[in-house]
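1. Provided below are the primary sequence and the corresponding predicted coordinates.
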Amino acid sequence: MQESEFSADHLDVLKELMNIAMGNATASIADLLQAFGTMHIPYISVSDMNGLKSFIEETIPSNQHYYVTKQLFGGMFGGEFIFVMTDKSAANLGNYLYDITTPEEEDILDAVIELTNILSATIISRLTEELNIKVQFFVPSTEVMSGNALIGVEETLNYHKIIIVSTQMVFQSQNVSGYIFILTKGEMIERLRTLIDQKLEELYA
């Protein structure tokens, strides 16, 4: 599929739907943390793995360590939700969420996974609700890695033509922030385009 087949109108609609979904997610996380947070306007583009690698290199410093949580979702539309936090931000999250001065590794992992579950469920569910479909979520996995290892061999093999949806979540007063990536590929991109076409027909009917 060529990028031109996913038109500016498709990208505009997807961006608007993601804005709605991420607004809901920010509200849900604000309830969890009892704090005010912001979600940056999403960056969306049709690319490939080289494009994603370049984007990550420009966005995420490679000299830090990160908690990286990945969760697959599937159904009529599917892909991978990735949430990335620095180890310092993750420790701040565990400290704030569980009121522990020096959280253990298990506490930090639990906090990161809890936050990711809320983010992925809220964002993907709201997006697919807007597209009148439902998806299934799979069990997430979390590991600590350096920035230059965020995209590994497995992802390179699995993804060719992709849509990158990226944003940053920030709760400044709590020193908690993270990067969100939503990747989808191949046939799923074609399905997404069809779903957006249906949404456009509804809007202009």
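-> Great, that's in hand.

2. Now do the buried residues in stretch 11-21.
-> Judged by neighbour count using 16 or more other CB atoms under 10 Å, the buried positions of stretch 11-21 are Leu11, Val13, Leu14, Leu17, Met18, Ala21. Placement of C-beta: from N, CA and C, glycine included.

3. C-alpha coordinates for stretch 23-36, CSV please?
-> Extracted as CSV, the C-alpha positions of stretch 23-36 are listed here (Å, rounded to 0.1, in the frame of the first residue of the first chain):
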residue,chain,number,x,y,z
GLY,A,23,-8.5,13.1,26.0
ASN,A,24,-10.4,10.3,27.6
ALA,A,25,-7.2,8.5,28.6
THR,A,26,-5.8,11.7,30.2
ALA,A,27,-8.9,12.0,32.3
SER,A,28,-8.7,8.4,33.3
ILE,A,29,-5.1,8.7,34.4
ALA,A,30,-5.9,12.0,36.2
ASP,A,31,-8.5,10.1,38.2
LEU,A,32,-5.9,7.4,39.0
LEU,A,33,-3.2,9.8,40.1
GLN,A,34,-5.5,12.5,41.4
ALA,A,35,-3.5,15.0,39.5
PHE,A,36,-3.6,17.2,36.4
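
4. Tell me, please, the helix or strand in the chain that averages the lowest pLDDT.
-> The helix or strand of the chain with the poorest confidence is helix 153-158; it has a mean of 56 (mean pLDDT, DSSP states H and E).

5. Given the helix or strand following that helix, what are its sheet partners and their directions?
-> On the C-terminal side of helix 153-158, the nearest following helix or strand under DSSP states H and E is strand 162-171. Strand 162-171 has its sheet partners listed here by DSSP bridges as strand 38-39 (antiparallel), strand 43-47 (antiparallel), strand 176-185 (antiparallel).

6. Can you add distance to Gly147 and mean pLDDT and give those strands back as TSV?
-> Output for these, formatted as TSV (distance: least, CB to CB, whole Å; pLDDT from 0 to 100):
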stretch	distance to Gly147	mean pLDDT
strand 38-39	21	91
strand 43-47	17	89
strand 176-185	10	91
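
7. Who are the packing partners of whichever helix or strand Ser89 is part of?
-> Assigned by DSSP H and E, Ser89 belongs to helix 87-98. In terms of contact count using 3 or more CB pairs under 8 Å, 6 or more residues apart in numbering; DSSP states H and E, helix 87-98 is assigned the packing partners helix 8-33, strand 65-75, helix 105-130, strand 176-185.
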